[in-house]
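*Asks:* Need coordinates for the following:
(2 chains)
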Amino acid sequence: MKKENVPQDMSSLGKITKEVCYATDSSGKYVTELSSGWDVKINALEAAWKDIEERRAKARQQVLNGEASPLLYFMEYRLMDTGILSDYTGFWKWQIKRHLKPAIFNRISDKILKKYAEAFNVKVEDLKTMTVHEA
Amino acid sequence: MKLDFEHHQSAHCESGVTSSLLRESSLNKITEPLAFGIGAGLFFVYVPIIKINNGPAIAFRTFPGLIFKRTCNALGVPVERKKFRSKERAESYLKERLEEGHPVGCQVGVYYLSYFPREYRFHFNAHNLIVYGKEDDHYLISDPVMETSTRLSSYELERVRFAKGALAPKGQVYYPKSNEIITDGQIKKAITSGIKRNVNQMLRIPGRFAGVRGIRYTGEKIKRWRDKLGLHKAGLYLAQLVRMQEEIGTGGGGFRYIYAAFLQEAYGYLNKEELLEISKLFTQSGDLWRTAAVQAAGIYKGRLGSQEDFNVMGDYLIAISVLEKEAFLALKRIKW
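*Replies:* Numbering: from 1, shown residues only, chains lettered A, B, ... in the order given. Just a heads-up that it's a prediction; the model follows:
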């Protein structure tokens, strides 16, 4: 890639920091050039987030329908699968799968809820009521 | 306390950290491309059975941690590296090193990294940064991908050092133990060993999923994604491929441009004309990766979507595989 072709499309990262790209100057020598973003990857990131938002909306509906506990919603919100959540909380995956059932979730102790709340970085109350305060 | 340390922005976090930590002992000579090349950073792998963020697991660089390790080994620099179970111990160890005057490399997760924009925070645990001081409750951070140095509160740093999930950092810290001056002779030797290692890694690694064969394999897979996954999901898979290839930290073109820059710098040390010619092949390869990314974007934006469009996409990767095979074979033929 030639230096003058390094794209400068404004991305959400570009507002905070530009990134270093390697490109060639007129003599063909490699130099570094700062880029504020590239449409192709901005769109890739948007596609990824759109998918995450859809999964989150679907999870919310499942919780409201009584098909899953609020854990599912927060897992989608925090992009966690049972493996990551298990690592953060110390619970086994099968325990988490049990807690995903609304009937069982409603019975679990405050101590366990607190662990989940910590992993998701939310308050226990918000965890129960499926409330998020966007930062 | 603040160590005498100059923040330096780079494209890729681990090569940038390596270059920065070796700056003093190499008298500024170990640039980011040299660290990347000596550490044999260039790679390709697609692991079909694993999913990351509900998408394919693809990497364009070698396993996290290896670049620092190999570069220091090749240059004969002794390395101290430590993981922790206890958060308290991890912090006190860090403080002790700072007091001794060592800037320290830290492996961290980016999900809770407060100065990153939210859109970039995924559960990715192989990010690297340097801690070079502490003022009140804040650590002074040199994150190579950021334009300027930054800070994290001790809680924030602890949280990212003990991020969980795949490749969990477990508080890992590392730094070069000696500040003995690295000679040009050492650099020359390290460059040739790095190139040889990268040749092996791309040409001789067994299996279909990695190296130049892995690129071809992925190209062939992509042609079947439309039927197998449906257009929507196939688009998301391609978006993930592009993110791994182009996102912050790659220097563009799936690290191929950094490698091309490395070969130019290698020529400066070794005076082999071939290196300049082969560098151009890697530039071509990087350009081709980016052309493929534009094609992929057409698909995930919904502008393209026919089977023919997927065939074109797959064929780009197959062409790249041929090109990189040629480039690495040419590197292999150089008589050192």
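*Asks:* Just the helices from the stretch 1-150 of chain B, written as ranges.
*Replies:* B:13-21, B:23-26, B:32-38, B:66-74, B:87-100 (DSSP state H, counting those that start in this stretch).
*Asks:* rank these by pLDDT, which is bottom?
*Replies:* Lowest mean pLDDT of those: helix B:23-26, a mean of 90.
*Asks:* do stretch A:25-35 and chain B meet at all?
*Replies:* Yes. Using CB under 8 Å from any CB of the partner chain, stretch A:25-35 reaches chain B at A:28-30, A:32, A:34-35. The C-beta positions use only the backbone N, C-alpha and C, and glycine is treated the same way.
*Asks:* Now, these that are in strands?
*Replies:* Of those, the ones assigned to strands by DSSP state E are A:30, A:32, A:34-35.
*Asks:* still on that earlier bit, quick check: which of the helices of the stretch 1-150 of chain B is nearest to chain A?
*Replies:* helix B:32-38 (7.3 Å; CB to the nearest CB).
*Asks:* What residues does B:L98 make contact with?
*Replies:* Contact analysis of B:L98 by CB atoms under 8 Å, 6 or more residues apart in numbering or on different chains lists B:1, B:3, B:104, B:131-134.
*Asks:* Hmm, which of these is lowest in pLDDT?
*Replies:* Minimum pLDDT across the contacts of B:L98 is recorded for B:M1, with 87.
*Asks:* buried sites along stretch A:72-92?
*Replies:* For stretch A:72-92, burial by neighbour count (16 or more other CB atoms under 10 Å in any protein chain shown) applies to A:72-82, A:84-89, A:91.
*Asks:* nope, stretch B:84-104 is what I meant
*Replies:* Quick answer for stretch B:84-104 (16+ other CB under 10 Å): B:84, B:90-91, B:93-94, B:97-98, B:102-104.
*Asks:* Excluding covalently adjacent residues, which one is nearest to B:Q245?
*Replies:* B:G254 (4.2 Å; CB to CB, 6 or more residues apart in numbering or on different chains).
*Asks:* tell me the secondary structure for that neighbour?
*Replies:* Under the three-state scheme (DSSP: H, G, I helix; E, B strand; the rest coil), B:G254 adopts helix.
*Asks:* How many residues are close by A:S26?
*Replies:* Residues near A:S26, counting by other CB atoms under 10 Å in any protein chain shown, number 8.
*Asks:* ditto for A:D110
*Replies:* The local packing of A:D110 (other CB under 10 Å) involves 9 other residues.
*Asks:* quick one, domains of the chain?
*Replies:* With no chain named, the answer covers chain A. Domain ranges of chain A: A:3-37, A:56-129, per automatic domain parsing.
*Asks:* try again with chain B
*Replies:* B:1-30+B:79-177, B:184-333.
*Asks:* what is the mean pLDDT for the longest strand anywhere in chain B?
*Replies:* Taking DSSP E as the criterion, chain B has its longest strand at strand B:42-52. Averaging pLDDT along strand B:42-52 gives 91.
*Asks:* In space, what's closest to the residue in the stretch 51-200 of chain B positioned nearest to chain A - neighbours in sequence excluded?
*Replies:* The minimum distance from the stretch 51-200 of chain B to chain A, using CB to the nearest CB, falls at B:K164 (3.6 Å). Residue nearest to B:K164 in three dimensions, not counting chain neighbours: A:D87, with 3.6 Å by CB to CB, 6+ apart.
*Asks:* Tell me who's in contact with that neighbour.
*Replies:* Counting by CB under 8 Å, 6+ apart, A:D87 has contacts B:164-165, B:168.
*Asks:* OK, contacts around residue 13?
*Replies:* No chain specified, so I'll use chain A. A:19, A:37, B:117, B:119-120, B:248 are the contacts of A:L13 under CB under 8 Å, 6+ apart.
*Asks:* could you do chain B instead?
*Replies:* Taking CB under 8 Å, 6+ apart as the test, what B:C13 contacts is B:127-129, B:143-145, B:249.
*Asks:* Farthest-apart pair in the residues you listed, please.
*Replies:* Largest separation among the contacts of B:C13 by CB to CB: B:L129 and B:G249, giving 12.0 Å.
*Asks:* Show me which of those two is the more surrounded one.
*Replies:* For the pair B:L129 and B:G249, the greater number of neighbours falls to B:L129 (29 against 24), based on other CB under 10 Å.
*Asks:* helix/strand/coil for B:A297?
*Replies:* Applying three-state DSSP: B:A297 is helix.
*Asks:* residues near the closest residue to it other than its chain neighbours, how many?
*Replies:* Nearest non-adjacent residue to B:A297, counting by CB to CB, 6+ apart: A:V40, 4.4 Å away. The number of residues packed near A:V40 is 22, by other CB under 10 Å.
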